[in-house]
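Q: Let me see the structure of the following:
(2 chains)
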2 protein chains.
Amino acid sequence: MKTILDEIKWNEAGLVPAIAQQHDSGKVLMVAWMNREALAATLAEGRAVYYSRSRKKLWRKGEQSGHVQKLKELRLDCDSDAVLIQVEQVGGIACHTGRHTCFYRCAEGGAWREVEPVVKDPAEIYRPQSP
Amino acid sequence: MKTILDEIKWNEAGLVPAIAQQHDSGKVLMVAWMNREALAATLAEGRAVYYSRSRKKLWRKGEQSGHVQKLKELRLDCDSDAVLIQVEQVGGIACHTGRHTCFYRCAEGGAWREVEPVVKDPAEIYRPQSP
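A: Sure thing, here's the model as predicted:
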């Protein structure tokens, strides 16, 4: 049976870029990569699951931080080689730096200026669990 | 002199994904690729200039269609390997299919459903110029 995953043009590494957007504010939170398994898991679990190119395995967004991205909508672009997901960002923090969005630097006067506040100290977010 | 381009982590092909977002509505219009030259041109000219991987050359968005993307803001993500541009989409059409956004298909009930109207027939958009 042909599924919606079959219509996607995965790149030579079997990946597509996935843009996560906060569903109500329209804020672009991050861009990461998905392989077929990650996108299938995203749909099955109703939460963003990416593929970590550095760790070479699935990465369930929020698995450590609790900052899960609940899936609201999935879209595909005209070339079938990029997806856009509307999400509800739990905790309001998508970035590992503790900011709402990963796109927190803005080009201004020939330099990158930080324009988004740190909502929560990453040391607090990723603190090891108590035994 | 170190420029903002030096802080970007270009991939093995010298590219970064660039997400274009309509500055006032927050609509994600498209994702394409930029090399160093394309991003420098985007900043210098105040309009989106991408790198076409198929044609292997710079692609000044709107050069044929007139649907230029005027640059409003440029942001960089935490990993320095993706950029987000806020643009004013001239003509309200980013997609070569004549739609506002390239992300016009939505996953619904196991199929991709078209959820954005064609604003203008592509045959009209890309009609050869009169002599």
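Q: who touches stretch A:17-27?
A: A:28-34, A:39, A:48, A:50, A:69, A:72-73, A:82-89, A:94, A:100-101, B:17, B:19, B:21, B:25-28, B:31, B:82 (Cβ atoms under 8 Å, 6 or more residues apart in numbering or on different chains). From N, CA and C alone the C-beta is placed, and that goes for glycine too.
Q: same thing but at 7 Å, please
A: A:28-34, A:48, A:50, A:69, A:72-73, A:82-89, A:94, A:100-101, B:17, B:19, B:26, B:28, B:31 (Cβ atoms under 7 Å, 6 or more residues apart in numbering or on different chains).
Q: ditto for stretch A:75-86
A: With Cβ under 7 Å, 6+ apart, stretch A:75-86 has contacts from A:7-9, A:11, A:16-21, A:23, A:34, A:48, A:71-74, B:28, B:30-31, B:95-97, B:102-106, B:112.
Q: what do you get if the cut-off is 8 Å, keeping everything else the same?
A: Against stretch A:75-86 from outside (Cβ under 8 Å, 6+ apart): A:4, A:7-11, A:16-23, A:34, A:39, A:42, A:48, A:69, A:71-74, B:17, B:28, B:30-31, B:95-97, B:99, B:102-107, B:112, B:115.
Q: So A:Cys95 is in contact with A:Cys102, correct?
A: Yes. Assessed by Cβ atoms under 8 Å, A:Cys95 is found in contact with A:Cys102 at 4.4 Å.
Q: Need the overlap of contacts for these two.
A: A:29-30, B:78.
Q: May I see these arranged in a markdown table, with distance to A:Leu58 and neighbour count as well?
A: Listed next are the shared contacts of A:Cys95 and A:Cys102 as a markdown table, based on distance: Cβ to Cβ, whole Å; neighbours: other Cβ atoms under 10 Å in any protein chain shown:
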| residue | distance to A:Leu58 | neighbour count |
| --- | --- | --- |
| A:Leu29 | 19 | 27 |
| A:Met30 | 16 | 25 |
| B:Cys78 | 20 | 17 |
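Q: List the ones among the residues you listed that fall in helices.
A: Among these, no member falls in helices (DSSP state H).
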